[in-house]
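Engineer: here's a sequence, model it:
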Amino acid sequence: MFRRKAEGLDLVSCVRALDVLVLDEADRLLDMGFEASINTILELLPKQRRTGLFSATQTQEVENLVRAGLRNPVRISVKEKGVAASSTQKTPSRLENYYMVCKTDEKFNQLVHFLRNRKQEKHLVFFSTCSCVEYFGKALEALVKGVKVMCIHGKMKYKRNQIFMDFRKLQSGILVCTDVMARGIDIPEVNWVLQYDPPSNASAFVHRCGRTARIGHGGSALVFLLPMEESYITFLAINQKCPLQEMKLQKHTVDLLPKLKSMALADRAVFEKGMKAFVSFVQAYAKHECSLIFRLKDLDFAGLARGFALLKMPKMPELRGKQFPDFVPVDINTDTIPFKDKIREKQRQKLLQQQREEKTENEGRKKFIKTKAWSKQKAKKEKKKKMSDKRKRKEGSDIEDEDMEELLNDTRLLKKLKKGKITEEEFEKGLLTSGKRSVKTNLGPSELGDDC
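Structural biologist: You can find the predicted model right below:
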C-alpha cells in the first residue's frame, strides 16, 4: 500500500509538482495485482498532469484504469506503413510466424538441428520455467558448437543485466530465456524467436514474437507444438489475431538424447537439473491458461521423460499411481552419480557421510527406545495382571459387599474412639448396630419366613 510518509519523508509533498506520469507495460502491472496500489497513487497525484499508459496489449483492465485515472484520454495507436488501418493483426507485418508439430521425444532433436543450421543468426529460445532454462541451456551449450549460448531467467538477481547487455552486443548467438525477456526489452537484429514451450497465456505469445521484426526490420518466429496441441493455432488466430503457417519437420535430424543421457551419467549437476526441469514443466503445464487445449491428463509422460533424457522418473504427485511401460530407466543406482565439480562432489560425500552417521546413531537410539518400550510393556503387563488378580479375588471372594461395608464402618468407629470423638459405650453400640445389619442382610429368604 502507498504510504504518505516514510521515515520522515512526505511523499505527497514530493509529488506535488509532478507534471508527467509514465506507466509502461500497464496491462502487466495490473496482471501482477497492483491495480489497487496504482489507483491509490493516482488519487494522491496532482490532477493537473499528463499521464501516458503504454502497452502492446489493450486489455479491459487497462480501459478501466484509463477511465479511473485519466482525464480527457486520447488513444494513440502505432501502425506500420503500408498496413491498412482496418487491419486487426497484432504482430508486425514483416514477421513470419511459423509452427511445427512434433512428438515430445522429437522436439529437442528438432531444436538442435534448427540451431546448428543457423549458427550465423541471432536467436531467442523461450522455455516455460527457470529450471528448463538451466537444463536445456546447459545441453545446447554442449551440443551446439561454435556459437555463444547464454541463459537468463527471473531468478537471476545480479547477473541478469550483464547477460542482457552482453547478448545485445553479439552479432550471432543463442539466448535461452523465460518470459522475463518477453516484454520491455529491445535486442537489435534478432532473427528468430523460438518458443520451445508455448507461453502460459495467449497474450505472452504476441509479446514473445515481438522481440523480432522490430522497427521495420524483418524477423521470424517458430513455436513447437505437440500433436494434441495443434488446435492452439486456431485459438491464436481467433483470440490474438495472430495467423501462423506450418513448418514441416526437418529431415535427417540426429538423435541427441543418448548424448544428453551420457552427460547426466557423467555429471550429477546435469542429472539433477534434468529432474528439476521435468518437474517444473509438468507443474507449469498443469496451470496453463488454455487448459482445454493443454490438458495434463492427455500428456505423454513417458515420451516427455524420454524428451528430457531422464535416467529415471521423478517422484511427484502428478505421477502417483501411474505406470510407464514405454519408459525404461537406467539400470544403475543414481545416488552413485558424482558431480564433475570436485568441490561439489567433496561436499556431497561429506554430507552423505554425515547422513550415514546420523542414520547409525538413530538406529542405536531406536534400539534403546525399543528396550525402554519393552520394560514399559512389561510393567504394563504386570499392572494388568495385578488388576486381573484383584478382580478375580473380588469375584471369587467370600466377602460380600455388605460385609466389606461393615468392616469399613467398624474401622471408622475405631478411629473415632481413638480420637476421643465417641465413648466406648457409643463404640460398642455402633458395633452392635453394624453386626445386626450384617446379620439381617446376609439371611436368605427361606430363613426370614413368609413375610419376606
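
Engineer: in the stretch 1-150 of the chain, which spans are helices?
Structural biologist: 11-14, 26-31, 35-44, 60-69, 107-116, 130-143 (DSSP state H, counting those that start in this stretch).

Engineer: and if you look at the stretch 301-450 of the chain?
Structural biologist: Counting by DSSP H, counting those that start in this stretch, one finds helices in the stretch 301-450 of the chain at the ranges 301-307, 342-396, 401-418, 424-442, 445-448.

Engineer: lowest average confidence across those helices, which one?
Structural biologist: Comparing these by mean pLDDT, the weakest confidence falls on helix 445-448, with a mean of 38.

Engineer: where do the strands sit along the stretch 201-350 of the chain?
Structural biologist: 219-225, 245-246 (DSSP state E, counting those that start in this stretch).

Engineer: sheet partners, orientation included, of the last one?
Structural biologist: Same thing as strand 245-246. Counting by DSSP bridges, the strands paired with strand 245-246 are strand 95-101 (parallel).

Engineer: most centrally placed residue in the protein?
Structural biologist: With the centre of the chain defined as its mean C-alpha position, the nearest residue by CA atoms, centre = their mean is Q283, 6.8 Å away.

Engineer: report pLDDT for it.
Structural biologist: 96.

Engineer: how about it, nearest residue that isn't a chain neighbour?
Structural biologist: Once flanking residues are discounted, Q283 sits nearest to E318: 7.5 Å by CB to CB, 6 or more residues apart in numbering. C-beta: built from backbone N, CA, C; applies to glycine.

Engineer: touching, that neighbour and V282? I think so.
Structural biologist: Yes. With contact taken as CB atoms under 8 Å, E318 and V282 are classed as touching, separated by 5.4 Å.

Engineer: which neighbours do those two share?
Structural biologist: With contacts taken as CB atoms under 8 Å, 6 or more residues apart in numbering, E318 and V282 have L296 as neighbours in common.

Engineer: more crowded one of those two?
Structural biologist: When E318 and V282 are compared on other CB atoms under 10 Å, the one with more neighbours turns out to be V282, at 20 against 15.

Engineer: show me where pLDDT drops low in the stretch 51-200 of the chain?
Structural biologist: 56-62, 64-65, 67-69, 78-90 (pLDDT under 70).

Engineer: quick one on the thing from earlier: mind checking which of the helices of the stretch 1-150 of the chain is nearest H217?
Structural biologist: helix 107-116 (20.6 Å; CB to CB).

Engineer: so K251 versus L296, what's the distance?
Structural biologist: 32 Å (CB to CB, to the nearest Å).

Engineer: return the distance of stretch 238-248 from the chain's centre.
Structural biologist: 31 Å (CA atoms, centre = their mean, to the nearest Å).

Engineer: mean confidence (pLDDT) on it, please.
Structural biologist: With pLDDT averaged residue by residue, stretch 238-248 scores 93.

Engineer: and that stretch, how far apart are its ends?
Structural biologist: 23 Å (CA to CA, to the nearest Å).

Engineer: could you number the chain from 47 rather than 1 from now on?
Structural biologist: Okay, using 47 as the starting number, the last item reads as stretch 284-294.

Engineer: output stretch 300-314 in CSV with nothing but the alpha carbons.
Structural biologist: Coordinates of each C-alpha in stretch 300-314 appear next as CSV, following Å, rounded to 0.1, in the frame of the first residue of the first chain:
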residue,chain,number,x,y,z
VAL,A,300,20.4,-36.7,-35.3
ASP,A,301,19.1,-38.4,-32.1
LEU,A,302,21.0,-36.5,-29.4
LEU,A,303,19.1,-37.8,-26.4
PRO,A,304,21.6,-40.6,-25.8
LYS,A,305,24.3,-37.9,-25.6
LEU,A,306,22.2,-35.9,-23.1
LYS,A,307,21.8,-39.1,-21.0
SER,A,308,25.6,-39.6,-21.1
MET,A,309,26.0,-36.1,-19.8
ALA,A,310,23.7,-36.8,-16.9
LEU,A,311,25.5,-40.0,-16.1
ALA,A,312,28.9,-38.2,-16.1
ASP,A,313,27.8,-35.2,-14.1
ARG,A,314,25.3,-35.1,-11.2
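
Engineer: what does that stretch contact?
Structural biologist: Stretch 300-314 is contacted by residues 151, 154-155, 158-159, 184-185, 188-189, 316-317, 320, 352-353, 355-357, 376, 378, 383-386, 390-391, 394 when judged by CB under 8 Å, 6+ apart.

Engineer: list the buried residues of that stretch.
Structural biologist: Within stretch 300-314, the residues that qualify as buried by neighbour count (16 or more other CB atoms under 10 Å) are L302, L303, L306, K307, M309, A310, L311, D313, R314.

Engineer: now, those that are in helices?
Structural biologist: Taking DSSP state H as the definition of helices, the buried residues of stretch 300-314 contribute L303, L306, K307, M309, A310, L311, R314.

Engineer: so who does the nearest residue to K462 once chain neighbours are set aside touch?
Structural biologist: When the adjacent residues along the chain are set aside, K462 lies closest to I468, with 4.7 Å between them (CB to CB, 6+ apart). Applying CB under 8 Å, 6+ apart, we find I468 in contact with L459, K462, G476.
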